[in-house]
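1. I'll drop the sequence and a predicted model, then ask my questions.
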Amino acid sequence: MKNTLKYFLLLLTGISFAQNNPNSGYWQQHVDYKMNVNMDVKKYQYKGTQELIYTNNSPDTLKKVFFHLYPNAFQPGSAMDMRLQSITDPDKRMVRKFTKDKKEIKESRISTLKPNEIGYLLVSNCKQNGVSAQSRVVGTILEVTLPQAILPKSSSTFTLDFDGQVPLQIRRSGRNSEENVALSMTQWYPKMAEYDFEGWHADTYIAREFHGVWGNFDVKITLDKDYTIGSTGYLQNKNEIGKGYEDAGVVVTYPKKTSSLTWHFIAPNVHDFAWGADPEYIHDKIMGENETELHFFYKNKKENLENWKKMQPKTAELLAYFNKNVGQYPYKQYSVIQGGDGGMEYAMCTLITGNRSYGSLVGVTAHEFAHSWFQHILATNESKHCWMDEGFTSYISNLAMNQILPPKEPESPFADSYNNYVFLANSGKEQPLTTHADRYDFNQSYGIGAYSKGEIFLAQLGYIIGQENLDKTIKKYYSDYKFTHPTPNDIKRTAEKISGANLDWYLNEWTQTTNTIDYAIKSVENNKITFERKGRMPMPLDVIVEFENGTKEYFYIPNTLMRWEKSNPFTLKRNVLLGWDWAIPTYTIEIDLQKGNIKSVVIDPSDLMADVKKEDNIFPKKQQ
């Protein structure tokens, strides 16, 4: 009863948040899943039934719907397989390397899967409101032609049966991982594709990003009684299951003839459902801030036990940090589950590899937990705007790590991202952040763009509008858009409303082009300093001038596109100069030399402006 009450309270809260999206005319679809699944842990095959109530909150009449069948990607000849074989730098987890005729070969692991090793998801008996629906499978998509169109503001009930096989662990989902985790059950069920103001998002799965429909999940999983499950959602029958879930003082016993257990999970107001299972899982549970249960599932491997124990209180610290600096975590549970092939975020849980050093274990947990805010509460379309998902997560998780596990030597938490971005920008391989996640020519370009350039979007925004305004922007963005699908314009408009600055130029230049920031000190002659804009992207400039008598002054050159000036971030006296228009390539200032001659000039002493050639930002130039 307590869990059920919690479920409905959270459900009502989630609906309230969705209705409070500040954008006029905003709408989003809604789903309610009921699934019953039976897993054969010897054959790695499962059977399930699904009842899905789909609510069309759009103004459109829908004549078709689309389901994702993600496991179908793990078959020889699939789009994912062919992408691995054609891309120059395939994901190293997904290929085998060997030498043939003195040439290095990268062989797709999918291409060699045997029939009992592939993944598949077969749907049968698909009905809409009890009437059989015509459907066809195209790769990882099930296209369903509806016998009855779904009118605006109406609901329809779909029922179907599904048979699945868990593939060998290659990417995210799978069985028998390198760390010998039995089941990483992600992207495992027929999942309704998202329909939003841009239309349907029924993308073929090639192991990149996702976009899901907000809704509620009621899931029952039956499998061998020796297995422990870590999952999305709240376990409803914990005192029957035990396995570390049971209330204090409860002793759980099973009837002698019991060979399997049925686990019942409810997950309110989420857009995905994932789980991991293994017969050797240790299950620990601690209480975090606001009575949030933090669960940990990891293999009983001697050399890793200490790290997993030490990581647990750090996870509670991470929860508190994200609550304070982004906004309150709305659920009462989060699980860190050993599984998968690296680290991947899911609703109310993450699957991570566990054979790691202590620092790496905390670091990957920080990043994946932060995704609960930036993706599983602020649910951007990460296929189209992966930089908002990965970049914003990297920003806040790096700040969190800098506090809870600080480096031995003080350094900027964003240094690696700036270095990565500058490398990419100078490589000639950069593509705009508006590139669909699946369409990047190089994995490296995608990774640096999504993670590093996305992180810099926020770090550099702090340079542009001031750190205090950035901090307020993040909190306001979370408050206004949680449990919805925010877009790039939403974070931009939030920052504009908080600061008063015009920022359309920033969103456009940084995310929709590959224009670079490249300023230079062209000359210093007597009392005149001339700056040059070599790159296409305009910025406001912070300039520190040091005089021969040791005093310093701060000069601020506004970007006229902003129609705004930030407050002084330094303790130095500030001189606000006339704005520098983007169409004018040079800008000269004259200095009062009462304090002596100019000793040095520095553009951007905070090092938060992503100038791609910093060597000419300092006068006199550093000796090479």
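-> Nice, thanks for sending it over.

2. Run through this structure and note the low-pLDDT ranges.
-> When residues are selected by pLDDT under 70, those of the chain lie in 1-19, 623-624.

3. all helices for it, in order.
-> Assigned by DSSP state H, the helices in the chain fall at 2-19, 79-86, 238-241, 302-325, 358-370, 386, 392-404, 415-425, 443-447, 454-465, 467-481, 488-499, 504-512.

4. residues contacting residue 315?
-> 286, 288, 294, 296, 334, 336, 365, 369 (Cβ atoms under 8 Å, 6 or more residues apart in numbering). Bear in mind the C-beta positions are built from the backbone N, C-alpha and C, glycine included.

5. what about residue 134, distance to residue 413?
-> 53 Å (Cβ to Cβ, to the nearest Å).

6. hang on, residue 184 packs against residue 175?
-> Yes: Residue 184 lies in contact with residue 175 (Cβ atoms under 8 Å); the separation is 7.5 Å.

7. Quickly list what's touching both of these two.
-> Common neighbours of residue 184 and residue 175, counting by Cβ under 8 Å, 6+ apart, are residue 169.

8. Which of the two has more residues huddled nearby?
-> It is residue 184, of residue 184 and residue 175, that has more neighbours when counted by other Cβ atoms under 10 Å, with 27 against 19.

9. Skipping adjacent residues, who's closest to that one in space?
-> Distances taken as Cβ to Cβ, 6 or more residues apart in numbering put residue 339 closest to residue 184, at 3.9 Å, once the chain neighbours are dropped.

10. Give me the number of neighbouring residues for that neighbour.
-> 33.

11. List the contacts of residue 149.
-> 61, 62, 63.

12. What's the separation between the last one and residue 148?
-> Yep, that's residue 63 we're talking about. 9 Å.

13. What of residue 556?
-> Residue 556 is 63 Å from residue 148, by Cβ to Cβ.

14. residues contacting the closest residue to residue 392 other than its chain neighbours?
-> If the residues on either side of it in the chain are set aside, residue 392 comes closest to residue 374, at 4.3 Å by Cβ to Cβ, 6+ apart. Taking Cβ under 8 Å, 6+ apart as the contact definition, residue 374 lies against 326, 380, 388, 389, 392, 393, 396.

15. now do residue 34
-> Contacts of residue 34 by Cβ under 8 Å, 6+ apart are 50, 51, 52, 218, 219.

16. rerun at 10 Å
-> For residue 34, the contact set (Cβ atoms under 10 Å, 6 or more residues apart in numbering) comprises 49, 50, 51, 52, 53, 159, 216, 217, 218, 219, 220.

17. before we move on, what about residue 589?
-> Going by Cβ under 10 Å, 6+ apart, the list of residues near residue 589 reads 527-531, 543, 545, 555, 557, 575, 577-578, 601.

18. partner residues bridging it?
-> Bridge pairing for residue 589 (DSSP bridges) gives the partners residue 529.

19. Distance check, it against residue 365.
-> 48 Å.

20. what do you get for residue 421?
-> Taking Cβ to Cβ as the criterion, residue 421 is separated from residue 365 by 25 Å.

21. so residue 180 makes contact with residue 301?
-> Yes: Residue 180 is within contact range of residue 301, at 8.8 Å (criterion: Cβ atoms under 10 Å).

22. who touches both of these two?
-> 280, 338, 355.

23. top of the residues you listed by neighbour count?
-> Within those, neighbour counts (other Cβ under 10 Å) peak at residue 338, which reaches 29 neighbours.

24. From residue 293, how far out is the nearest residue to it once chain neighbours are set aside?
-> Spatially, and ignoring its direct neighbours in sequence, residue 338 is nearest to residue 354 (3.8 Å; Cβ to Cβ, 6+ apart). Distance of residue 354 to residue 293, computed by Cβ to Cβ: 20 Å.

25. Please say which of the two ends up with more neighbours.
-> Applying other Cβ under 10 Å to residue 354 and residue 293 shows that residue 354 carries more neighbours, namely 24 against 15.

26. check contacts around that one.
-> Here residue 354 is in contact with 177, 179, 181, 296-299, 301, 304, 307-308, 311, 336-340, 361, 364 (criterion: Cβ under 10 Å, 6+ apart).

27. Fine by me, we can end here.
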